[in-house]
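Asker: I'd like to go over a predicted model; first the sequence, then the structure.
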Amino acid sequence: MKNVDVARHFEEIGDLLEIQGANAFRVRAYRNGSRTIEDLAEPIAGIAANGEKALVELPGIGKDIAAKIVVLIETGTTPQLEKLREEVPPGVVDMLRIQGLGPKKVKALFAELKVTSLDELKAAAESGAVADLKGFGKKTAQVILEGIEHIVHVGNRFFLAEALVAAEAIVHDLKQLKSVTQASVAGSARRRKETCGDLDVLATSTDSSAAMDLLGDHELVEKVLARGETKQRVRLRSGIEMDLRVVPDESYGAAMQYFTGSKEHNIVIRQRTQKRGLKLNEYGLFRDDELVAGETEEAIYKAVDLPWIPPELRENRGEIELAEQDKLPKLLELKDIKGDLHMHTTATDGTASITEMIEAARERGLKYIAITDHSKRVTMANGLDAERLRKHWTEIRKIREEYSDIEVLCGIECDILEDAELDLPDDVLAEADWVIAVLHYGLKQPGEQIMKRLLNAVKNPHVSAIGHPCGRIVGRRPGADIHYPDLFKAAADHGVLMEINAHPSRLDLDDIQAAAAKDHGIPIVINTDAHSTTGFDVMQYGVYQARRAGLEKNDVANTLPFNKFKKLLKRS
DNA sequence: GCCGTTTTCGGCCCGACTGTTTTCAGTCG
């Protein structure tokens, strides 16, 4: 059983208990436990195998949940969840996804109207039954209908790339207002989380109505959902929802800290303020009623005896402990990246020629690249067999002669086939400067076979790196069932690099596994997988993911100058 | 249900906005 499954199990227990009206802190305890498991780099099953004692060591896991984890892994479920599911039908939990519906209202809908699915809820709202319910009304019924529509059409989360572009455009326009002194993206987008549920934008202004008018009339905005003195919520045409908060200048730092989150990080920060006899909210840090800090984030953190923590790390995954010991990493930056080792040309499914890709890479200041078209298994992309590949390399070798300021490697993105063999013979791979081995097909195979394939690739002396290791598509397709500790151990032993694929829909390795790979001492390589000249521009998203993993310049191989990077290619 | 340099009991972050109410509960972030 995978960590996500165990985490989801306890998340569901939390949801169901909440609908039943259980103690809110008990509900939170299940959610905290769930999150701990979700954030683990190693399989929870491995820890559970050492008994409950090892589990209790994990934060948020006590005796009770530890025992349930053991039962869950042994039997595939827990009696508690089975009982809860009998009491609360599965469709009822779905209703929690609707903006504006929380556990209390969902419970009322289920108890009073016997509604057990989104479809039934829609019918009940349309018939007027919802509006007649005590505590509900016409507006609530309308909100429910719109919420269902929203879930059906756009789902719940958006790629960071899409969300960030919209948020930054709006921030830019807000800054043009005379009354606005500062504006910035906050929330999960500022933390560069791979998906965003919604957007938070913050502004300081002498005239909050001017900022809200601008947002309300903005071309990207479809509808104003709510508007008060300091807060406005809108829905963009893309479907994503955005909060704008307007605060006074002296509160800007406190508000940035507050609205950047994460919730889990902020809870710990506020506990620290409490211990020091202080109170923190979005307007500032207060001792009794006296403002102690608020203008800058730095001052807020300083007041709780911490250095400023980069937003990408604010997940309560150990960053506060590192900050306490003054051991925060000096995070990688986009400007540190010197090379890109994964890209395609018209030889397979790219849209630009070898020359065009080289020129585009030079324009972006890259000092070395690897051209890595597909191998033959990827027929859809016109993948290369040995003969076509050798011709392609001959052409690359000819063209690269013309450039003295950029190194161009003859590479290949070689499929790891379903039977664990590589898609091209060893003698061909031996001629490559750079081989990136990947899973494209058979991602749903049992974990055992997936690991056999990956380990076989890692052990091949010609393989330089594993590309987009799990093959997931963010929010759409789960990755292959990888036992990461075994993969990383083998990669470290054989000197094989691990990729963070920078494409916003992949970001694979994810932040948690990228951090684990670093812990194994494996050099990470961040690649764009560009299929066009503009494909290079997604590099920043790979860097964001690396920052979330706490990676520094030294952890990332393609920050090295080429003469040093080259040494990583020699397998000992 | 978890947790502990005030602790094994009694806490557990904090405020804005809305809708349905006649003073506030529910929801959200």
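Answerer: Okay, I see it.

Asker: can I assume A:Ala370 sits in a strand?
Answerer: Yes. Counting by DSSP: H, G, I helix; E, B strand; the rest coil, A:Ala370 is found in a strand.

Asker: any idea how far it lies from DNA strand B?
Answerer: Distance from A:Ala370 to DNA strand B, counting by C-beta to the nearest atom of the strand, to the nearest Å: 41 Å. Any C-beta I mention is one placed from the backbone N, CA and C, and that applies to glycine too.

Asker: same question for A:Val221.
Answerer: 15 Å.

Asker: likewise for A:Ala211?
Answerer: 12 Å.

Asker: could you do A:Pro59 as well?
Answerer: 5 Å.

Asker: just to be sure, that residue is in a helix?
Answerer: No. Applying three-state DSSP, one finds A:Pro59 to be coil, outside a helix.

Asker: identify the residue spatially nearest to it, adjacent ones excluded.
Answerer: Computed as C-beta to C-beta, 6 or more residues apart in numbering, the closest residue to A:Pro59 that is not its neighbour in sequence is A:Thr36, at 5.6 Å.

Asker: need the pLDDT of that neighbour.
Answerer: Listed pLDDT for A:Thr36 reads 88.

Asker: what helix or strand does it sit in?
Answerer: Assigned by DSSP states H and E, A:Thr36 falls within helix A:24-38.

Asker: count of neighbours near the nearest residue in space to A:Leu72 that is not next to it in sequence?
Answerer: The spatially closest residue to A:Leu72, leaving aside those adjacent along the chain, is A:Thr78, at 5.2 Å (C-beta to C-beta, 6+ apart). Neighbours of A:Thr78 under the rule other C-beta atoms under 10 Å: 19.

Asker: surely A:Thr78 is in contact with A:Val71?
Answerer: Yes. Using C-beta atoms under 8 Å, A:Thr78 is in contact with A:Val71, at 5.4 Å.

Asker: what's the helix holding A:Thr36 in contact with?
Answerer: Contact partners of helix A:24-38, identified using C-beta atoms under 8 Å, 6 or more residues apart in numbering, comprise A:3-4, A:6-11, A:13-14, A:17-18, A:44, A:58-62, A:65, A:69, A:264.

Asker: what's the helix or strand bottoming out on mean pLDDT in chain A packed up against?
Answerer: Least confident helix or strand of chain A, by mean pLDDT, DSSP states H and E, is helix A:138-154 with a mean of 82. The contact analysis (3 or more C-beta pairs under 8 Å, 6 or more residues apart in numbering; DSSP states H and E) places helix A:138-154 against helix A:118-127, helix A:129-132.

Asker: figure out which of those is closest to DNA strand B.
Answerer: Closest approach to DNA strand B among the helices and strands packed on helix A:138-154 (C-beta to the nearest atom of the strand): helix A:129-132, 6.4 Å.

Asker: so the closest one, near DNA strand B or not?
Answerer: Yes. Counting by C-beta under 7 Å from any atom of the strand, DNA strand B is contacted by helix A:129-132 at A:Ala131.

Asker: secondary structure element for A:Ala211?
Answerer: Element membership for A:Ala211 (DSSP H and E) is helix A:208-216.

Asker: residues contacting A:Thr78?
Answerer: Shown in contact with A:Thr78 (C-beta under 8 Å, 6+ apart): A:His9, A:Ile13, A:Lys68, A:Val71, A:Leu72.

Asker: against A:Val92, how distant is it?
Answerer: Distance from A:Thr78 to A:Val92, counting by C-beta to C-beta, to the nearest Å: 19 Å.

Asker: let me see the contact set for the residue of the stretch 301-450 of chain A found nearest DNA strand B.
Answerer: With C-beta to the nearest atom of the strand, the shortest gap between the stretch 301-450 of chain A and DNA strand B falls at A:Asn316, namely 11.2 Å. For A:Asn316, the contacting residues are A:Ser262, A:Glu264, A:His265, A:Ile267, A:Val268, by C-beta under 8 Å, 6+ apart.

Asker: CSV for those residues, including pLDDT and distance to A:Ala108?
Answerer: CSV is the format used below for the contacts of A:Asn316 (pLDDT from 0 to 100; distance: C-beta to C-beta, whole Å):
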residue, pLDDT, distance to A:Ala108
A:Ser262, 92, 30
A:Glu264, 89, 29
A:His265, 93, 33
A:Ile267, 89, 29
A:Val268, 90, 34
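
Asker: residue nearest the centroid of chain A?
Answerer: Residue closest to the mean C-alpha point of chain A, counted by C-alpha atoms, centre = their mean, is A:Glu194 at 2.8 Å.

Asker: dump the residue contacts of that one.
Answerer: A:Phe159, A:Leu160, A:Val474, A:Pro504, A:Leu507, A:Asp510, A:Asp511, A:Gln545.

Asker: now with 7 Å?
Answerer: Residues in contact with A:Glu194, defined by C-beta atoms under 7 Å, 6 or more residues apart in numbering, are A:Leu160, A:Val474, A:Leu507, A:Gln545.

Asker: surely A:Ala203 is within a helix?
Answerer: No. Per three-state DSSP, A:Ala203 lies outside any helix segment and is strand.

Asker: check contacts around it.
Answerer: Applying C-beta under 7 Å, 6+ apart, one finds that A:Ala203 lies in contact with A:Leu174, A:Val180, A:Gln182, A:Ala183, A:Ala211, A:Leu244, A:Val246.

Asker: now do A:Lys275
Answerer: Listed by C-beta under 7 Å, 6+ apart, the contact set of A:Lys275 is empty.

Asker: do you know how far the residue located most distally from the centre of chain A is from A:Glu112?
Answerer: Farthest-out residue of chain A from its mean C-alpha position, per C-alpha atoms, centre = their mean: A:Asp132, at 41.3 Å. A:Asp132 sits 10 Å away from A:Glu112, taking C-beta to C-beta as the criterion.

Asker: can you pull the poorly scored residue ranges out of chain A?
Answerer: A:154-156, A:570-572 (pLDDT under 70).

Asker: for DNA strand B, what's the nearest residue on it?
Answerer: Evaluated by C-beta to the nearest atom of the strand, chain A has A:Gly137 as its residue closest to DNA strand B, separated by 1.8 Å.

Asker: that residue: how many residues sit nearby?
Answerer: For A:Gly137, the neighbour count with other C-beta under 10 Å is 13.

Asker: A:Glu82 now?
Answerer: Neighbour count of A:Glu82, defined by other C-beta under 10 Å: 9.

Asker: show me what contacts it?
Answerer: A:Glu82 neighbours (C-beta under 7 Å, 6+ apart): none.

Asker: would it count as being in a strand?
Answerer: No. A:Glu82: not assigned to a strand; according to three-state DSSP it is helix.
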